[in-house]
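Trainee: next comes the sequence, and after it the predicted model I'd like to discuss.
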Amino acid sequence: MNIFLKKILKILKLKNLEPYLESLLSMGRKSEVTFPNELVPLNLEILLKGLLTSRVFEINSNWIYPYWIEEQLNPKSNSFVARGANIFAINITHRNWTILGFPEGNEKGVIDEKGLISPRQNFPSLDIFIKKDENLFFPSREKIKQKFDTETSLITTSYKSEDFEYNLKSFSSVRDFGIYLNFYIKTKVKGKYKIYFLVRPFNPESFVPIFSLEFKNEKLYVNNRIFSIPITEGFNKIIFKEEKDIIDHEILNEDKAKSKYGMLTGGYYYELNLNENDEKEIELFLPQEDYYKVNNFYESLNFNKRFYEKEKEDELKIFLPDKKINEIFNSNKIYLKSLISNNLITPGPLTYKRFWFRDSAYMISALSKIGDFSRSKNLLKEFPKKQKKNGYFISQNGEWDSNGEAIFAIVEYYRFSKDKDFLNDIYNSIYKGALWIEKKRKKFKESKGLLPPGFSAEHFGPNDLYYYDDYFGLRGLLDASFTSKELGLKENEKKFYYFYEDFKKSIREAIEDDQKRLNKKVVLGAYGRGIDASMIATFTSIFPLRLDLLTKEEILNTYYVLKEKFFEKGCFYQNITHSGINLYLTLEIANSLLYLEECDEAKKLFKNVISLLKPTYTGPEGINPKTLGGCEGDGHHGWLVAEILHFIRNSIVFEKEKDIYLFSGAFPDWFENGNEISFLDGPTYFGKLSFNMKVNGNLIEINFLSDFDKELENIVLFFPIDIERIIEGDFKKREKNKFIFSKKNKKIVIERR
């Protein structure tokens, strides 16, 4: 990479820039991989899009733009971004969108906060404009509401004004491989209305060129690909002249057009003479695959409903006295599945529609945790195809955490499913992957038994000896020993456990060396580093990895340092790379605190996180602290989806060693008279669990509807309320508001004060 870049500078006669390049490439520790080649296309794509979008602003200042552009161009807005020295215009203030997709669909669409719909990745968008008499209405400049229906995956985008109100209902059809739109308008004032459904050369991230528009058999084609099909009759076709949009009113009287610059707009409009309180529905279809079908909006919506009802039959169902948390949980179960395409799971439908082992480790383990074993298994079957002969699992070169992540995801699936046939089939891949970890960490003496300097999770900074890699590597060795034991391979079990103990010793020595140097009992992000935001990696060792590497004191000391220096709006603020509030990393802390029985602090973090979710219960990778809109990564972040599911499930049921913990994340008002909590068909390490909790006056009754396997030792109950006494149940002991029962219990009755 270094030689290649230097040659480019030489060819471009920019030798004066060599010192800057040398300095840039020298940052961080010397590594085998200076920068992953796999990230070059992604970063080049972002830069090119940003450069192109900035040029569009400058020569088309009178256009109507998507919400994020309108805000970033407006000097009166908190989202304004000065562009003088910044030649790249990319969405860094409102990266917020919601997926429009379904599990078996390869193409994913998104809808932004104002109703702008992009049906496919890197595809132009459909926007809706309304003209009443001579006045034009633009959603990107108005206050719009949005909500998500967990029964059908329907997204409703709505608006009310003095003249009219409307609802835009949209969903990705499981049956028909495309997005249905139902636009409903109700007038408050008589007038001549025009409703425009126009393709625009933008998506929620950047400018997307439209070089050609053409109507064929009433269908609209964009850049020679089908874009939209009107279902409701009475439409008119329209194409604006190049570089003109609805504000200019320069129209071509033709069914096709081409643009040198990619600046075309066109589509359909409906002319309506409406009286006061008149209502009108208009339907369109946006294909997402070439093998689409067009049917009826409501029939297809009912098909979606039946599909998602079927999905729920055998998977985890949680019912809480908190309606919002129920909706968050059920929404994100659908989102998680919808991020699957081409037998891969991706951490986003747009920017991050790419595969990484890092994100998939959290996402597939969440998929296993909710009981979707079929999809988890299919995704894991792809892992060996991404493994080199030397055992290296690779999604991008230089990620030394990937092997531990791949093994962890495989073994988590096994712990929940008990699918020994699959474990046996994939064991050779685990074996080779674990050997790679052991060899890699001993490759360089200067690495002190740790995995070598690497890029790791990109939000930590330049190449370094990141403990994050080591935590996953250590878990990979422990899981390799565990799976060897499960399959009766005693020699392999001993070998990998020895590797694990030796690796653990090396990590402890490094951490203790750091602590001695700093004279602080905290855990850094990388060996030899100082106190910075990369310390967030410490919590990975607890959740999801459950390692006994660090003491509770070390974890809590690290937490309080981070909380003092790197928190905004009650959540973790990552000032390295992201420059944003990271909800998913905040939830990783919260899950770790739950595991460590610091329940009140964990619940505070969870409440802070859900307060920053969008109305469709989504969030971006990073949140701009000023605008509270997305500033980094995908606007619908898959890792966050997984962490939300992990925390809500763990707050009700959490495995710790050989015990099951119940209600460690419960809130006091859940135990008010008449409330119920149900946890049904939930996979655990100790078999599938179902129970119901009901509050009747001062009595709390818990009925277990399933049996535990022999490995379970105790059922541990946490209560955020004062308990008077145990009335019924095989009770062992009490530690403040923590009650320990034997696994024999079918029914527990407790009296509250």
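Mentor: Sure thing, it's come through.
Trainee: contacts only, for the residue nearest in space to the middle of the chain.
Mentor: The centroid of the chain falls nearest to Gly638 when counting by Cα atoms, centre = their mean (1.8 Å). Each residue near Gly638 by Cβ atoms under 8 Å, 6 or more residues apart in numbering is listed here: Tyr335, Leu336, Leu339, Ile345, Thr346, Pro347, Gly348, Tyr352, Asp359, Met363. For glycine as for every other residue, the C-beta is placed from the backbone atoms N, C-alpha and C.
Trainee: find the nearest non-adjacent residue to it, please.
Mentor: Among residues not flanking Gly638 along the chain, Pro347 sits closest, at 3.7 Å (Cβ to Cβ, 6 or more residues apart in numbering).
Trainee: surely the one you found is within a strand?
Mentor: No. Pro347: not assigned to a strand; according to DSSP: H, G, I helix; E, B strand; the rest coil it is coil.
Trainee: which ones are touching it?
Mentor: Leu339, Arg354, Trp356, Asp359, Met363, Glu621, Gly633, Asp634, His637, Gly638, Trp639.
Trainee: how about those, which pair is most distant?
Mentor: Met363 and Gly633 (14.4 Å; Cβ to Cβ).
Trainee: what about Lys216, neighbour count?
Mentor: Other residues lying near Lys216 total 10 when counted by other Cβ atoms under 10 Å.
Trainee: alpha carbons only: can I get the helix or strand encompassing Ser170 in PDB?
Mentor: Applying DSSP states H and E as the criterion places Ser170 in strand 164-173. Extracted as PDB, the C-alpha positions of strand 164-173 are listed here (Å, rounded to 0.1, in the frame of the first residue of the first chain):
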ATOM      1  CA  PHE A 164     -54.700  18.800   4.300                       C
ATOM      2  CA  GLU A 165     -53.300  15.800   6.100                       C
ATOM      3  CA  TYR A 166     -51.800  12.700   4.600                       C
ATOM      4  CA  ASN A 167     -50.400   9.200   5.500                       C
ATOM      5  CA  LEU A 168     -47.800   7.500   3.400                       C
ATOM      6  CA  LYS A 169     -47.900   3.800   4.200                       C
ATOM      7  CA  SER A 170     -45.000   1.700   2.800                       C
ATOM      8  CA  PHE A 171     -43.700  -1.800   3.300                       C
ATOM      9  CA  SER A 172     -41.400  -4.300   1.600                       C
ATOM     10  CA  SER A 173     -43.600  -7.200   0.400                       C
END
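Trainee: parallel or antiparallel, which strands does it pair with?
Mentor: Strand pairing for strand 164-173, using DSSP bridges, gives strand 155-160 (antiparallel), strand 178-187 (antiparallel).
Trainee: of all the ones you listed, which one is nearest Lys448?
Mentor: Checking the strands paired with strand 164-173 against Lys448 by Cβ to Cβ gives strand 155-160 as the closest, at 51.2 Å.
Trainee: what sits up against the closest one?
Mentor: Contacts to strand 155-160, defined as Cβ under 8 Å, 6+ apart, come from residues 98, 100, 111, 114-115, 139, 142-149, 165-171, 616.
Trainee: report the buried members of those residues.
Mentor: Neighbour counting over the contacts of strand 155-160 (16 or more other Cβ atoms under 10 Å) leaves 98, 100, 111, 114-115, 139, 144, 146, 148-149, 166-171, 616 as the buried ones.
Trainee: low-confidence ranges, the stretch 451-600 of the chain, go.
Mentor: 458-459 (pLDDT under 70).
Trainee: tell me where it has helices.
Mentor: Taking DSSP state H, counting those that start in this stretch as the test, the helices found in the stretch 451-600 of the chain are 467-486, 490-518, 552-565, 583-595, 599-611.
Trainee: okay, strands next: where are they in the stretch 51-200 of the chain?
Mentor: All strands of the stretch 51-200 of the chain, identified by DSSP state E, counting those that start in this stretch, fall at 97-100, 109-112, 117-118, 125-132, 135-137, 145-148, 155-160, 164-173, 178-187, 191-200.
Trainee: now those in CSV, with distance to Asp425 and mean pLDDT?
Mentor: Converted to CSV, these look like this (distance: least, Cβ to Cβ, whole Å; pLDDT from 0 to 100):
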stretch, distance to Asp425, mean pLDDT
strand 97-100, 32, 98
strand 109-112, 35, 97
strand 117-118, 39, 97
strand 125-132, 43, 95
strand 135-137, 58, 90
strand 145-148, 38, 97
strand 155-160, 39, 96
strand 164-173, 33, 97
strand 178-187, 36, 97
strand 191-200, 47, 96
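Trainee: quick check, nearest of the contacts of Gly638 to Ile700?
Mentor: Distance to Ile700 across those (Cβ to Cβ) is lowest for Leu336, with 31.5 Å.
Trainee: quick check: the closest one vs Arg375, distance?
Mentor: Distance, Leu336 to Arg375, using Cβ to Cβ, to the nearest Å: 9 Å.
Trainee: joint contacts of these two?
Mentor: With Cβ under 8 Å, 6+ apart, Leu336 and Arg375 have common neighbours Leu367.
Trainee: per-residue pLDDT, the residue nearest to Ile581 when sequence neighbours are not counted?
Mentor: Closest residue in space to Ile581, ignoring its immediate chain neighbours: Ile623 at 4.0 Å, by Cβ to Cβ, 6+ apart. Looking at Ile623, its pLDDT is 97.
Trainee: wait, isn't Ile623 in contact with Gly630?
Mentor: Yes. Applying Cβ atoms under 8 Å, one finds Ile623 in contact with Gly630, separated by 6.2 Å.
Trainee: confirm Phe329 sits in a helix?
Mentor: Yes. Remark: Phe329 belongs to a helix, assigned using three-state DSSP.
Trainee: that one contacts Ile318, doesn't it?
Mentor: Yes. The pair Phe329 / Ile318 is scored as a contact, 5.7 Å apart, by Cβ under 8 Å.
Trainee: looking at the two, which one has more neighbours?
Mentor: The neighbour comparison of Phe329 against Ile318 (other Cβ under 10 Å) goes to Phe329, with 24 against 21.
Trainee: show me what contacts that one?
Mentor: Taking Cβ under 8 Å, 6+ apart, one finds Ile318, Ile644, Leu645, Ile648, Arg649 in contact with Phe329.
Trainee: 10 Å instead, please
Mentor: Phe329 makes contact with 150, 316-320, 322, 370, 617, 644-645, 647-649, 652, according to Cβ atoms under 10 Å, 6 or more residues apart in numbering.
Trainee: so which of these is the closest to Ile555?
Mentor: Phe647 (17.0 Å).
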